[in-house]
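Undergrad: I would like the atomic coordinates for the input below:
(one chain, ligands or ions: 1)
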Amino acid sequence: MSRIILASASSRRKEILQNLNLKFDIVVSDIEEKIDKQLSNEENVEKIALEKALDVAEKTNDTPGIIIAADTMVVADDILIGKPTNDQEAFCILKSLSGKQHEVITGICVFSTEKNRKIVSHRNTKIKFATHSDEVIWRYIETGEGRDKAGAYAIQGLGSLFVDTIEGCYTNVVGLPITLLCDMLAEFDVHIL
Ligand SMILES: Cc1cn([C@H]2C[C@H](O)[C@@H](COP(=O)(O)OP(=O)(O)OP(=O)(O)O)O2)c(=O)[nH]c1=O
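TA: A predicted model of the protein is given here:
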């Protein structure tokens, strides 16, 4: 089987891929994630996932294989929200999400450097937050859990306390939509089951 490379520093993406019993290496991309205002939200996450994959392809050009890269963002009121840069920003993000619905979009790129073929796609998941007081939001921020997460929360952790309802793929919110990824890998003759 082809060498599989996860182009991500995210421990969540690593865990999701490990759950599929796939053998893979990790090579981290260090591109700057730039949003292009001319593109749609979906096109932006796909573009960034593609840029991560291309960066790792360059770093691994001595050993071809299949590169998996992803990018996750939150969209609220049609504004793309990435990771908070500080606690005050985390508060503003969580306050703006409180009591409302938002979307989490993950773009994925699967790039076979052996076949010189790449596919990009994305998934959307709708999340409705319960309403929380400023005090509760600050107590959550103090846990530090949301610091490296898009939208300043982690559905897989204490952030689940904010989530009233979810419509769509759960692993998409954590950073790697499993069913979509499996369909994309099948295009490269990698079958999980
Ligand atoms: C909304 C949400 C996001 N996240 C995470 C998924 C992503 O890791 C992160 C969004 O940042 P990304 O830029 O997509 O990924 P990353 O910087 O963590 O890793 P890399 O670029 O090296 O692949 O937010 C959660 O873990 N739980 C959640 O509930």
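Undergrad: up against the ligand, what does the protein have?
TA: 8-10, 12-13, 28, 33, 70-72, 74, 83, 104, 148-151, 153-156, 159, 173-175 (Cβ under 6 Å from any ligand atom). (C-beta placed from N, C-alpha, C; glycine too.)
Undergrad: repeat that with 8 Å
TA: When proximity is defined by Cβ under 8 Å from any ligand atom, the chain lies next to the ligand at 7-10, 12-13, 28-29, 33, 48, 52, 69-74, 82-83, 104, 106, 127, 148-151, 153-157, 159, 173-175.
Undergrad: tell me the secondary structure for residue 155?
TA: Under DSSP: H, G, I helix; E, B strand; the rest coil, the three-state class of residue 155 is coil.
Undergrad: hang on, it packs against residue 125?
TA: No: the pair residue 155 / residue 125 is not scored as a contact, 9.2 Å apart, by Cβ atoms under 8 Å.
Undergrad: tell me, what's touching the two both at once?
TA: By the contact definition Cβ atoms under 8 Å, 6 or more residues apart in numbering, residue 155 and residue 125 are jointly contacted by 166, 170, 173.
Undergrad: with these in mind, which one is nearest to the ligand?
TA: Closest approach between these and the ligand, by Cβ to the nearest ligand atom: residue 173, at 4.7 Å.
Undergrad: pretty sure that closest one sits in a helix.
TA: Yes: with three-state DSSP as the criterion, residue 173 is part of a helix.
Undergrad: neighbouring contacts of the helix ranked longest in the chain?
TA: As assigned by DSSP state H, the longest helix anywhere in the chain is helix 41-59. Residues outside helix 41-59 that contact it (Cβ under 8 Å, 6+ apart) are 5, 7-8, 27-31, 33-36, 39, 67-73, 75, 78, 80, 103, 105-111, 113, 118, 120-122, 124.
Undergrad: what about stretch 151-161, average pLDDT?
TA: Taken as a whole, stretch 151-161 has a mean pLDDT of 98.
Undergrad: stretch 90-102 now?
TA: Mean per-residue pLDDT for stretch 90-102: 98.
Undergrad: also stretch 73-87?
TA: Per-residue pLDDT over stretch 73-87 has a mean of 96.
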